[in-house]
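*Asks:* could you look at this predicted model? Sequence included:
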Amino acid sequence: MLEATVKIGNILLAEPFMVDPNFKRSAVLLCDHHEVEGSIGFILNRPLETNIDELIPDFPTFAAEVFFGGPVQTDTIHYLHNVGDLLEDSIEVCKGVYWGGDFEKLKFLVSSSLIQPAQIRFFMGYTGWSEGQLQDEMKFGSWILAEMDANYLFKTPPQTLWKSIMYNKGNSFTILAQLEEDTSWN
(Lines give C-alpha, C1' and ligand atoms only; values in the text may rest on other atoms or scores of the structure.)
Protein backbone atom coordinates (compact mmCIF):
# COMPACT_ATOMS: atom_id res chain seq x y z
CA MET A 1 0.00 0.00 0.00
CA LEU A 2 1.34 3.43 -0.94
CA GLU A 3 1.67 5.83 1.96
CA ALA A 4 -0.03 9.17 1.26
CA THR A 5 2.18 12.23 1.46
CA VAL A 6 0.77 14.81 3.83
CA LYS A 7 1.33 18.43 2.81
CA ILE A 8 0.18 21.92 3.65
CA GLY A 9 -3.18 22.59 2.04
CA ASN A 10 -4.48 19.03 2.47
CA ILE A 11 -7.78 18.24 4.13
CA LEU A 12 -7.71 15.58 6.81
CA LEU A 13 -11.08 13.83 7.05
CA ALA A 14 -11.72 11.94 10.26
CA GLU A 15 -12.32 8.29 9.49
CA PRO A 16 -16.06 7.57 9.75
CA PHE A 17 -15.93 5.70 13.06
CA MET A 18 -13.65 8.07 14.98
CA VAL A 19 -15.13 8.47 18.47
CA ASP A 20 -13.06 11.42 19.76
CA PRO A 21 -15.74 14.13 20.13
CA ASN A 22 -13.25 16.83 19.09
CA PHE A 23 -12.76 15.20 15.70
CA LYS A 24 -15.80 13.05 14.97
CA ARG A 25 -16.77 13.67 11.31
CA SER A 26 -14.35 16.59 11.17
CA ALA A 27 -12.65 18.11 8.13
CA VAL A 28 -9.32 19.68 9.12
CA LEU A 29 -7.38 21.99 6.80
CA LEU A 30 -3.65 21.48 7.33
CA CYS A 31 -2.02 24.92 7.38
CA ASP A 32 1.48 24.11 8.63
CA HIS A 33 3.34 20.80 8.47
CA HIS A 34 6.92 19.91 9.35
CA GLU A 35 8.27 16.43 9.99
CA VAL A 36 10.29 17.68 12.98
CA GLU A 37 8.31 20.65 14.31
CA GLY A 38 4.83 19.17 13.99
CA SER A 39 1.66 20.33 12.28
CA ILE A 40 -1.19 22.82 12.68
CA GLY A 41 -4.67 22.75 11.19
CA PHE A 42 -8.19 24.06 11.71
CA ILE A 43 -11.45 22.11 11.93
CA LEU A 44 -13.60 23.61 9.18
CA ASN A 45 -16.98 22.24 10.20
CA ARG A 46 -17.55 23.08 13.90
CA PRO A 47 -19.47 26.39 14.14
CA LEU A 48 -19.70 27.88 17.64
CA GLU A 49 -22.84 29.96 17.03
CA THR A 50 -21.15 33.22 17.98
CA ASN A 51 -19.78 36.03 15.81
CA ILE A 52 -16.26 37.42 15.95
CA ASP A 53 -17.45 40.87 17.07
CA GLU A 54 -19.02 39.22 20.15
CA LEU A 55 -15.65 37.74 21.18
CA ILE A 56 -13.30 40.65 20.50
CA PRO A 57 -14.52 43.90 22.10
CA ASP A 58 -12.79 46.33 19.70
CA PHE A 59 -13.66 44.39 16.53
CA PRO A 60 -15.98 46.22 14.11
CA THR A 61 -19.56 44.98 13.82
CA PHE A 62 -19.22 41.93 11.59
CA ALA A 63 -21.56 38.96 11.20
CA ALA A 64 -18.83 36.37 10.70
CA GLU A 65 -19.35 33.19 12.67
CA VAL A 66 -16.52 31.74 14.76
CA PHE A 67 -15.65 28.04 14.50
CA PHE A 68 -13.96 25.63 16.90
CA GLY A 69 -10.55 25.24 15.26
CA GLY A 70 -9.40 22.52 17.61
CA PRO A 71 -8.66 21.72 21.23
CA VAL A 72 -5.24 23.45 21.35
CA GLN A 73 -4.99 26.99 22.77
CA THR A 74 -8.71 27.71 22.66
CA ASP A 75 -7.99 31.18 24.01
CA THR A 76 -6.55 32.21 20.61
CA ILE A 77 -8.28 33.41 17.43
CA HIS A 78 -7.09 32.49 13.94
CA TYR A 79 -8.55 33.22 10.52
CA LEU A 80 -8.59 31.83 7.00
CA HIS A 81 -9.63 34.04 4.11
CA ASN A 82 -9.47 34.63 0.36
CA VAL A 83 -8.12 38.20 0.43
CA GLY A 84 -4.39 37.58 0.63
CA ASP A 85 -3.80 40.36 -1.89
CA LEU A 86 -5.35 42.87 0.58
CA LEU A 87 -4.02 41.54 3.87
CA GLU A 88 -0.28 41.83 4.43
CA ASP A 89 1.58 38.99 6.14
CA SER A 90 -1.01 36.40 5.03
CA ILE A 91 0.32 32.93 4.31
CA GLU A 92 -1.04 31.15 1.24
CA VAL A 93 -2.15 27.68 2.34
CA CYS A 94 -3.49 26.61 -1.05
CA LYS A 95 -5.04 28.23 -4.10
CA GLY A 96 -7.58 30.81 -2.91
CA VAL A 97 -7.03 30.23 0.83
CA TYR A 98 -4.80 32.32 3.09
CA TRP A 99 -4.01 32.08 6.79
CA GLY A 100 -3.67 35.07 9.11
CA GLY A 101 -2.25 38.44 8.26
CA ASP A 102 -2.03 41.86 9.88
CA PHE A 103 -4.88 41.96 12.43
CA GLU A 104 -5.12 45.78 12.62
CA LYS A 105 -5.33 45.94 8.83
CA LEU A 106 -8.02 43.24 8.95
CA LYS A 107 -10.13 45.36 11.31
CA PHE A 108 -9.68 48.36 8.97
CA LEU A 109 -10.71 46.30 5.91
CA VAL A 110 -13.77 44.98 7.77
CA SER A 111 -14.85 48.44 8.98
CA SER A 112 -14.38 49.75 5.41
CA SER A 113 -16.56 46.89 4.04
CA LEU A 114 -13.66 45.68 1.89
CA ILE A 115 -13.96 42.21 3.43
CA GLN A 116 -17.34 40.50 3.70
CA PRO A 117 -18.21 37.63 6.10
CA ALA A 118 -18.32 35.13 3.20
CA GLN A 119 -14.62 35.83 2.52
CA ILE A 120 -13.23 34.93 5.93
CA ARG A 121 -13.63 32.31 8.61
CA PHE A 122 -12.53 32.73 12.22
CA PHE A 123 -11.40 29.90 14.50
CA MET A 124 -11.07 29.61 18.24
CA GLY A 125 -8.06 27.40 18.93
CA TYR A 126 -6.39 25.02 16.52
CA THR A 127 -5.56 21.38 15.97
CA GLY A 128 -1.94 20.46 16.53
CA TRP A 129 0.30 17.44 16.23
CA SER A 130 3.77 17.04 17.70
CA GLU A 131 6.71 15.59 15.80
CA GLY A 132 5.70 12.34 14.10
CA GLN A 133 2.21 12.29 15.67
CA LEU A 134 0.27 13.04 12.47
CA GLN A 135 2.28 10.47 10.50
CA ASP A 136 1.47 7.86 13.16
CA GLU A 137 -2.23 8.75 13.04
CA MET A 138 -2.16 8.48 9.24
CA LYS A 139 -0.54 5.01 9.45
CA PHE A 140 -3.17 3.94 11.99
CA GLY A 141 -5.93 5.08 9.61
CA SER A 142 -7.38 7.87 11.73
CA TRP A 143 -7.40 10.33 8.83
CA ILE A 144 -8.30 10.19 5.16
CA LEU A 145 -6.38 12.62 2.99
CA ALA A 146 -8.24 14.86 0.52
CA GLU A 147 -7.39 17.79 -1.72
CA MET A 148 -8.57 21.22 -0.57
CA ASP A 149 -10.78 23.39 -2.71
CA ALA A 150 -11.50 26.98 -1.60
CA ASN A 151 -15.22 26.30 -2.17
CA TYR A 152 -15.15 23.86 0.75
CA LEU A 153 -14.28 26.74 3.07
CA PHE A 154 -16.27 29.57 1.54
CA LYS A 155 -19.29 27.92 -0.14
CA THR A 156 -20.05 24.51 1.41
CA PRO A 157 -22.32 24.47 4.48
CA PRO A 158 -20.35 23.21 7.51
CA GLN A 159 -22.98 20.59 8.37
CA THR A 160 -22.46 18.84 5.01
CA LEU A 161 -18.72 19.49 4.57
CA TRP A 162 -17.32 16.14 5.77
CA LYS A 163 -19.81 14.21 3.65
CA SER A 164 -19.26 16.43 0.57
CA ILE A 165 -15.48 16.11 0.63
CA MET A 166 -15.64 12.35 1.23
CA TYR A 167 -18.13 11.96 -1.63
CA ASN A 168 -15.98 14.10 -3.97
CA LYS A 169 -13.03 11.73 -3.44
CA GLY A 170 -15.00 9.17 -5.48
CA ASN A 171 -14.69 5.37 -5.62
CA SER A 172 -15.23 3.63 -2.29
CA PHE A 173 -15.23 6.98 -0.47
CA THR A 174 -18.71 7.68 -1.84
CA ILE A 175 -19.89 4.69 0.19
CA LEU A 176 -18.19 6.04 3.33
CA ALA A 177 -19.87 9.40 2.72
CA GLN A 178 -23.25 7.71 2.87
CA LEU A 179 -22.69 6.07 6.26
CA GLU A 180 -24.93 7.52 8.94
CA GLU A 181 -23.21 9.31 11.80
CA ASP A 182 -25.01 7.07 14.28
CA THR A 183 -23.30 3.80 13.39
CA SER A 184 -26.04 1.73 14.98
CA TRP A 185 -28.04 2.48 11.81
CA ASN A 186 -25.35 1.03 9.49
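*Replies:* Arrived safely.

*Asks:* how about stretch 43-61, which residues are buried there?
*Replies:* Neighbour counts using 16 or more other Cβ atoms under 10 Å place 43-46, 51-53, 59 of stretch 43-61 among the buried residues. From N, CA and C alone the C-beta is placed, and that goes for glycine too.

*Asks:* out of the residues you listed, which is nearest to Asn22?
*Replies:* Proximity of these to Asn22, judged by Cβ to Cβ, is greatest for Ile43, which lies at 7.8 Å.

*Asks:* OK, contacts around the nearest residue to that closest one once chain neighbours are set aside?
*Replies:* Sequence neighbours aside, Ser26 is the residue nearest to Ile43 in space, at 4.8 Å (criterion: Cβ to Cβ, 6 or more residues apart in numbering). When contacts are counted by Cβ atoms under 8 Å, 6 or more residues apart in numbering, Ser26 is found next to 13-14, 18, 43-46, 162.

*Asks:* cool, Leu80 as well?
*Replies:* Counting by Cβ under 8 Å, 6+ apart, Leu80 touches 29, 31, 42, 93, 97-99, 120-121, 123, 153.

*Asks:* same thing but at 6 Å, please
*Replies:* Each residue near Leu80 by Cβ atoms under 6 Å, 6 or more residues apart in numbering is listed here: 97, 99, 121.

*Asks:* now the first one: how far from Pro21?
*Replies:* Translated: Val97. From Val97 across to Pro21, the span is 26 Å (Cβ to Cβ, to the nearest Å).
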